[in-house]
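Undergrad: Can you look at this prediction? I've put the sequence above it.
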Amino acid sequence: QLVESGGGLVQPGDSLRLSCVASGRTFGYTMGWFRQAPGKEREFVGSISSSGSSTLDADSVKGRFTISRDNAKNTVYLQMNSLKPEDTAVYYCAGDSRGHYYLKTIRADFWGQGTQVTVSS
């Protein structure tokens, strides 16, 4: 029900935009982005409310990553700027009805399959 796309191999300092297309009733939910690097636990990147009126960002990406959504297209975006090698990970989107702070605990009703982002020179 959630399908991510847009990942790839980029150089440090480059930008990339990930997309997450949702189907069915899942799209009335707060949506979040998460990432998991090899050998590390999954971490919260950010989330956006169902209306798009509020967002929550992890400190590690503030000022560089922006979450947005287009409800008419059932799509959530993660715009990533000034990418660093430490941003390399599999990026997942997820949705839940319980809001930002529940998603921040790395729990959600629905998860996508992930898309790989590699930042390397």
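TA: It's in. Numbers count the residues shown, from 1 in each chain.
Undergrad: Now the terminal residues of stretch 60-70, how far apart.
TA: When the termini of stretch 60-70 are compared using C-alpha to C-alpha, to the nearest Å, they are 25 Å apart.
Undergrad: contacting residues around that stretch?
TA: For stretch 60-70, contacts defined as C-beta atoms under 8 Å, 6 or more residues apart in numbering pick out 31, 33, 43, 45-48, 52, 55, 57, 75-83, 87. From N, CA and C alone the C-beta is placed, and that goes for glycine too.
Undergrad: Could you tell me which of those residues belong to helices?
TA: Judged by DSSP state H, the contacts of stretch 60-70 include no members of helices.
Undergrad: residue boundaries of the helices in the protein?
TA: Going by DSSP H, the chain shows helices at 100-103.
Undergrad: In contact with the most centrally placed residue in the chain, which residues?
TA: The chain has Trp33 as the residue nearest its centroid, 2.3 Å off, counting by C-alpha atoms, centre = their mean. Counting by C-beta under 8 Å, 6+ apart, Trp33 makes contact with 18, 20, 45-47, 65, 67, 76, 78, 91-94.
Undergrad: and if you look at Cys20?
TA: 2-5, 31, 33, 75-78, 93, 112.
Undergrad: Done for today, thanks.
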